[in-house]
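Q: requesting a structural model of the entry that follows:
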Amino acid sequence: MKRNKVALSGVALLGLGGILLAGCASGDGGNGDGGSGAAGDAVITTNGTEPQNPLIPTNTNEVGGGKILDSIFSGLISYNANGEVENEVAESITVDSPTQLTVKIKEGLTFTDGEEVTADNFIKAWNYGAALDNQQLSSYFFEDIEGFSWDENVEELSGLQQVDDYTFTITLNKPATDFAQRLGYSAFYPLPDVAFEDMEAFGESPIGNGPYKLASEDAWVHDEGISLVVNEDYEGPREPQNDGLEIRFYASQDAAYADLLSGELDVLDQIPEAALETYQDELGENWVNQPAAIFQSFTIPEYLPHFAGEEGQLRRQAISMAINREEITDVIFQGTRTPASDFTSPVIDGWSEELEGSEVLDYDPETAQELWAQADAISPWEGSFQIAYNSDGGHQGWVDAVANSIAGTLGIDASGAPYPDFAGLREEVTNRTITTAFRTGWQADYPGLYNFLGPLYATNAGSNDGDYSNPEFDELLSQGISSTDPDAANELFQQAQEILLQDLPATPLWYSNVTGGWADTVDNVEFGWNSVPLHYNITKG
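A: Next comes the predicted model:
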């Protein structure tokens, strides 16, 4: 079998011009029934959540929609279970210089409507995602490409140039050491021509080029689930070993776990809090508890009363030091979380637990009370402190515990503010209409430190839900992503985090393990570096 190459210049990978060999282009064959494109008997049932938006790659930045997009689309590269890069649509990606890449894609690949995948499908999709008038949540992923602007609408990025049907070049406006490594994220997926006829309608019934496709035009039943079948024309490293996926949207993790125990659900990617003491006994050998690239926090917007300027900084620090993270992770999560000491993840190269200022994440009631009193001297506290969360995600236990820790330490009223579902919470966060603190976190798009920092805290970044802006932080981030030395880049990212530890644009809580399970109905279940099951590898028992 042919082995493909991809040349990468990036953090934790290889230096400029280095060659990384990807795995074999395809597996040893999938389930024969899947070749028809219709669902057979070996359909895998798994849990999910209702996507926030129509399924458009550049406008999806949450886990519910991302799980679906990653199944029905293929990017230039993908990531295996360990976070290593494998070519998918790309024949090769060559880093010609720190600001110039050449991409050659494989010939003969198609979308599920029969259209051939060409360089133009990537260029048009990226231009759409980058244009400000389109208001795409992931537009910031294109800001390093020449021609991108935050000040005016740009319909075509000058840094994207088609060489021929299967080749295009990417010119960056500054060095970005991990740019090639980012290209497996969903924002960089291609789109077929039909998408541009009516993008919103396309998002309701998308046509992709991935290992799966929608079972029918109305396969997405809102607030219930979505049905996917095998794409018989897919050629790549993620060849399905089953007949399809049925992703069910649950109102609570407890309900999903009950279905798992009864055999009504095959795979669950998050054990609910109520079962953390019992799941290992109840599932026998069918469970996993392993580190993943997931960071959990909550965000307090600066526009809330008492949380701007010096007063806001003092209150954020006080609240952080009022939280007993050790006790909460032990009691609520039964050791399936680790108290955070930074804003990234221990599974990412360059992580450090020795950042200056990280003591603000330690439980220190006395200092917390002193800081709160200093803030009161600026403006006396009024009202209550609330943390919003979605009830369908199993968050009530830890939110209540955090609120109780804050209330007991600072002597204020603190509580959780539940929303029925994730989509409803995200709508208020995105529209900046939420009037409380709210749970946040990050499941990495690709395995690099920058991915935990740039998208969440850089000025104007698409997932910067608290509208944080600090020029000194932005400059360090820019220097880090422009460095061609991975170690030097990571050191700059660590310095940038030390600014975050002072400002606390979000309050770090803990790193998550992926704690999931599966029924006896399936085999070959493996969870990847980002906590998502490799659904395509799962077989029906």
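
Q: any idea which element Val347 lies in?
A: When elements are assigned from DSSP states H and E, Val347 belongs to no helix and no strand.

Q: let me fix that, I meant to ask about Leu509.
A: Going by DSSP H and E, Leu509 is in strand 507-518.

Q: name the helices or strands packed onto that strand?
A: Here strand 507-518 touches helix 253-262, strand 267-268, helix 279-283, strand 287-299, helix 309-321, helix 325-331, strand 337-339, going by 3 or more CB pairs under 8 Å, 6 or more residues apart in numbering; DSSP states H and E. Placement of C-beta: from N, CA and C, glycine included.

Q: that strand pairs with which strands?
A: strand 267-268 (antiparallel), strand 287-299 (antiparallel), strand 337-339 (antiparallel) (DSSP bridges).

Q: got the angle for that strand vs helix 253-262?
A: 20 degrees (axes from the mean of the first three to the mean of the last three CA atoms, to 10 degrees).

Q: dump strand 507-518 to CSV, keeping only the CA atoms.
A: Taking Å, rounded to 0.1, in the frame of the first residue of the first chain, the C-alpha atoms of strand 507-518 are listed here in CSV:
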residue,chain,number,x,y,z
THR,A,507,-11.3,30.8,35.6
PRO,A,508,-9.4,27.6,35.0
LEU,A,509,-10.9,24.6,36.9
TRP,A,510,-9.5,21.3,35.9
TYR,A,511,-8.3,19.1,33.0
SER,A,512,-10.7,16.4,32.0
ASN,A,513,-10.0,12.8,31.4
VAL,A,514,-12.2,11.1,28.8
THR,A,515,-14.3,8.8,30.9
GLY,A,516,-16.6,6.8,28.6
GLY,A,517,-18.1,3.4,28.2
TRP,A,518,-19.6,1.0,25.7
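
Q: contacts only, for the closest residue to Arg316 other than its chain neighbours.
A: What sits nearest to Arg316 in space, not counting adjacent residues and going by CB to CB, 6 or more residues apart in numbering, is Leu504, at 4.0 Å. Contact analysis of Leu504 by CB atoms under 8 Å, 6 or more residues apart in numbering lists 313, 316-317, 320, 360.

Q: which pLDDT value belongs to Leu504?
A: On pLDDT, Leu504 comes in at 98.

Q: distance check, it against Leu355.
A: Distance check for Leu504 against Leu355: by CB to CB, to the nearest Å, it reads 13 Å.

Q: what does Gln100 give?
A: Distance, Gln100 to Leu355, using CB to CB: 34 Å.

Q: now swap in Trp510 and tell me
A: With CB to CB as the criterion, Trp510 and Leu355 are 16 Å apart.

Q: do Ile247 as well
A: Relative to Leu355, and taking CB to CB, Ile247 is found at 38 Å.

Q: separation between Ser391 and Ala201?
A: Per CB to CB, Ser391 is found 31 Å from Ala201.

Q: between these two, which has more neighbouring residues?
A: Ser391 (17 against 12; other CB atoms under 10 Å).

Q: now the more buried one. Nearest residue, chain neighbours left out?
A: Spatial nearest neighbour of Ser391, excluding adjacent residues (CB to CB, 6+ apart): Pro418 at 4.7 Å.

Q: and if you look at Ser358?
A: In space, and not counting its chain neighbours, Ser358 is closest to Ser341: 5.0 Å by CB to CB, 6+ apart.

Q: got the contact list for that neighbour?
A: Neighbours of Ser341 in contact, by CB under 8 Å, 6+ apart: 353, 355, 358, 361, 508.

Q: looking at the strands paired with strand 507-518, which is nearest to Asn53?
A: With CB to CB as the criterion, Asn53 lies closest to strand 287-299 of the strands paired with strand 507-518, at 19.9 Å.

Q: then that closest one to CSV, C-alphas only?
A: Taking Å, rounded to 0.1, in the frame of the first residue of the first chain, the C-alpha atoms of strand 287-299 are listed here in CSV:
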residue,chain,number,x,y,z
TRP,A,287,-14.8,1.6,30.0
VAL,A,288,-12.0,4.1,29.6
ASN,A,289,-10.5,6.7,31.9
GLN,A,290,-7.6,8.4,30.1
PRO,A,291,-6.1,11.9,29.7
ALA,A,292,-7.5,14.0,26.9
ALA,A,293,-6.9,17.5,25.5
ILE,A,294,-9.8,19.1,27.4
PHE,A,295,-9.7,22.1,29.6
GLN,A,296,-12.6,23.2,31.8
SER,A,297,-13.3,26.7,33.1
PHE,A,298,-16.0,29.4,33.6
THR,A,299,-16.0,32.9,32.2
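
Q: tell me what angle that strand forms with helix 309-321.
A: Using the same axes, to 10 degrees: strand 287-299 against helix 309-321 is 150 degrees.

Q: chain center to strand 287-299: distance?
A: Relative to the chain's own centre, strand 287-299 is displaced by 11 Å; criterion: CA atoms, centre = their mean, to the nearest Å.

Q: stretch 291-303 too?
A: The mean C-alpha position of stretch 291-303 is separated from the chain mean by 12 Å, CA atoms, centre = their mean.

Q: what is the mean pLDDT for it?
A: 94.

Q: so how far is Asn490 from the residue nearest the centre of the chain?
A: For the chain, Gln443 is the residue whose C-alpha lies nearest the centre (CA atoms, centre = their mean; 3.8 Å). Separation of Gln443 from Asn490 (CB to CB) stands at 21 Å.

Q: check Asp349 too.
A: When Asp349 is compared with Asn490 (using CB to CB), they lie 7 Å apart.

Q: comparing these two, which residue is more hemmed in?
A: Asn490 (22 against 14).

Q: got the buried residues for the helix or strand encompassing the more buried one?
A: Element membership for Asn490 (DSSP H and E) is helix 486-503. Buried residues in helix 486-503, counted by 16 or more other CB atoms under 10 Å: 486, 489-497, 499-501, 503.
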